[in-house]
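sequence first, predicted coordinates after that:
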Amino acid sequence: MKSSRLVPFVVIIAIAAFLWYSLSGERNSDAAYARTILEARQQAEAYMKTSPGSPFLKDSIPFEGLKYYPVDPAFRVKAKLENISPKQVVVLATSDGLEQRYLQYAFATFRLQDQENRLLILESMEMGPQRGKLFLAFADATSGGETYGAGRYLDLKKVRGATSIELDFNLAYNPYCAYNDAYSCPFPPKENVLKIAIRAGELTYHP
């Protein structure tokens, strides 16, 4: 089984962040924000179509296009970070029956849809460029229906000393195993199964 790589999406989100902060005079505009998200989605679409690292091109699988919910600023939330001490290793089961290890980073607590929600943010322990990167895998009330049943991912930026973090569910994306069974993808930890419906980000690829 191939490992589910997150690097392309980290790059895409970095581009989106740059575009967002470079929009002079429109930084708080919902229209400007929507354009930023749509640009990130176009980058993801282009990657899947043309990159040698695409899970479609590698195994000659026909690409039918990525599907998304409409951009909704309500799903861009500021969460409070709750420190975890001492930090423990978290072992996540994967789609191919194996395991991947992560280090606890912090809990993110936020209010959405009139509910208090809490998600566990993890830190990558693997060697290489992903080491130390923040990783958030979650499932919600749409999982297994409108969205991929094994959950979706968010890549987050680590800021030393921060007491809050932005969770933009409009940037939630599917792991590679949502498109191609040849990949190994970690499932969300039990703490990250939300009762609410996160109707933002990427939809299921296979209807």
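Thanks, I have it.

now for the nearest residue to Ala34 once chain neighbours are set aside: which residues touch it?
The spatially closest residue to Ala34, leaving aside those adjacent along the chain, is Val71, at 4.4 Å (CB to CB, 6 or more residues apart in numbering). Any C-beta I mention is one placed from the backbone N, CA and C, and that applies to glycine too. For Val71, the set of contacting residues under the criterion of CB atoms under 8 Å, 6 or more residues apart in numbering consists of Tyr33, Ala34, Ile37, Leu38, Asn170, Ala200.

for this protein, which strand is longest?
Taking DSSP state E as the assignment, the strand of the chain that covers the most residues is strand 99-112.

helices of this protein, start to end?
Per DSSP state H, the chain has helices spanning 7-22, 30-50. These are given in chain order.

worst mean pLDDT among those helices?
Mean pLDDT values for those show the minimum at helix 7-22, a mean of 45.

low-confidence regions, this structure specifically.
Using pLDDT under 70 as the threshold, the predicted model of the chain has low-confidence ranges 1-28, 127-128, 207.

center of it, which residue is that?
Averaging the C-alpha coordinates of the chain gives a centre point, and the residue nearest to it by CA atoms, centre = their mean is Leu154 (1.9 Å).

and the strands in this structure?
Remark: strands of the chain, listed N- to C-terminal, are 2-3, 76-83, 89-93, 99-112, 115-124, 134-138, 152-156, 164-168, 183-184; assignment by DSSP E.

need these in TSV with distance to Gly144, can you?
Compiled in TSV, the strands of the chain are given as follows (distance: least, CB to CB, whole Å):
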stretch	distance to Gly144
strand 2-3	23
strand 76-83	23
strand 89-93	16
strand 99-112	20
strand 115-124	19
strand 134-138	13
strand 152-156	12
strand 164-168	21
strand 183-184	19
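
most tightly surrounded among the ones you listed?
Of all the strands of the chain, strand 152-156 carries the top mean neighbour count, a mean of 23, counting by mean count of other CB atoms under 10 Å.

so the longest strand of the chain versus strand 76-83, what angle?
Compare the direction of strand 99-112 with that of strand 76-83 by axes from the mean of the first three to the mean of the last three CA atoms, to 10 degrees and you get 120 degrees.

between strand 164-168 and strand 99-112, find me the angle.
Using the same axes, to 10 degrees, one finds that strand 99-112 and strand 164-168 are set 90 degrees apart in direction.
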